[in-house]
Structure formats: C-alpha cells, structure tokens
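Novice: 3D, please:
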Amino acid sequence: MHDEFEVRTVSQLRVINAPARRAIFEALLEGPQSAASIGARCGQSPEAVHYHIKRLQEIKLVRIAEERETGARPEKIFELTHRRLELKRDRRGPAFMRELVRGVRLMLRLAEREYEQASDVVEPHRRPRIARFIAWLSTDDLKQVERLEAELDAILRNANERANRVGPAGRERVAITILLAPVEDPKNPSS
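Specialist: The predicted structure follows:
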C-alpha cells in the first residue's frame, strides 16, 4: 500500500467529496473489510457500499484484497491502495477550487448535523464542542498550527493503535477537523 494518493482532477475530487465515500475511506483505514462490515460501521447497506466502492475503485483508491468462498457467491474483501489523500498543488483551476470548496461545505454540514444530534443528549457534559472561525495567521503562527496538527495526528494515531490492541472500552470517540487553507477576503480580494 502506498502512503499518499494525489488528487489531480476535479472528477477524482468529486468522487472523494461524497460523505458516504469518505466514511468508507475512513473505515478502510482500519484495515481490509467486506462490504457488510464496512456498511455496519458506516450505517449503509452492503449494496450502497458496493456502489460507492465501485466509484473509489474507478479512481484506483480501493482494490479487492481477496475473495472468500461463502457458499452462494464469493465475499470480496476491500482495502485501500493509499492511506492519505493529498491535493495536487499546481493545476488548481477554478473548477478544482469550486469542487474543493463544495467538499469543505459538505464536511462542515455533516459535522454540524452530528453536533446537533449529539446536542440532544441529556448529559450536557458529554456534548461536543464545535468552533468555526477564520483567523489571520502570520508565517510563524501557521508553522505553530502545523506543528500542533502533527502532534495531534500522532496522539490520534497512538490512541487508535492502543484501542485496536486493548479495545475501545472506557474511551471517548472524538472527531477533529482542522482545515488550513488560505481564504480570500471578499472585501479585499488581493489579500
């Protein structure tokens, strides 16, 4: 398995932007799985998972790891071809940027829905915190945020490895989204 999948085209980005496919990608980060087990993790039917996996296979992000005989028809086990997604930095035309913005909006809407559902929980101390803001960052600020992001990645990776070894009992499930992208100021487009 390669480490980075370089997203070069608008069509690749459109495939990845779908929340259902992103959930499948995240489920497969935990290792090869069948459509039924992916569906159970993502809250999708195996048929829906097969549809989305087919789209991920078209861009060569998912492949069949093996086929197991189960009786009537073989069960396919799927795996990722790459563990990370990287956006191509040079060829970012207007269509690519529009699709990128659409993907961020979808992700934020999904996070907002999950937040609203979790806010209905009776125990207020377990409610998630959500913060959305845009900040002016100097080069030094940006470097510090990037260092913190790397530390956070290491913490989450280590926590997942420990949870896989000993199980998730007594642990909280946490979702964190950090978006570092320059945003044009509508009042001052040259900034």
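Novice: which element follows the helix or strand bottoming out on mean pLDDT in the chain toward the C-terminus?
Specialist: In the chain, no helix or strand scores lower on mean pLDDT, DSSP states H and E than helix 94-119, which sits at a mean of 77. Scanning forward in sequence from helix 94-119 by DSSP states H and E, the next helix or strand is helix 139-166.
Novice: any idea how far that following helix is from the chain center?
Specialist: Taking C-alpha atoms, centre = their mean, to the nearest Å, one finds helix 139-166 lying 15 Å from the centre of the chain it belongs to.
Novice: Quick check: mean pLDDT of that helix?
Specialist: The average pLDDT for helix 139-166 rounds to 84.
Novice: Just give the nearest non-adjacent residue to the residue most central in space within the chain, would you?
Specialist: The chain has Arg22 as the residue nearest its centroid, 4.9 Å off, counting by C-alpha atoms, centre = their mean. Take Arg22 and drop its neighbours on the chain: the residue closest to it by C-beta to C-beta, 6 or more residues apart in numbering is Ile16, 6.7 Å away. The C-beta positions use only the backbone N, C-alpha and C, and glycine is treated the same way.
Novice: Next, the angle helix 94-119 makes with the one helix or strand the one you found maps to.
Specialist: Element membership for Ile16 (DSSP H and E) is helix 10-17. Helix 10-17 runs at 0 degrees relative to helix 94-119, counting by axes from the mean of the first three to the mean of the last three C-alpha atoms, to 10 degrees.
Novice: Check which residues of helix 10-17 are buried.
Specialist: For helix 10-17, the neighbour count (16 or more other C-beta atoms under 10 Å) marks Val10, Gln12, Leu13, Arg14, Val15, Ile16, Asn17 as buried.
Novice: roughly how far apart are Gln117 and Glu26?
Specialist: Gln117 is 18 Å from Glu26, where distance means C-beta to C-beta, to the nearest Å.
Novice: Looking at those two, which is more packed in?
Specialist: Glu26 (13 against 10; other C-beta atoms under 10 Å).
Novice: Just the pLDDT for that one.
Specialist: Looking at Glu26, its pLDDT stands at 88.
Novice: Mind checking what secondary structure it has?
Specialist: The three-state assignment at Glu26 reads helix, by DSSP: H, G, I helix; E, B strand; the rest coil.
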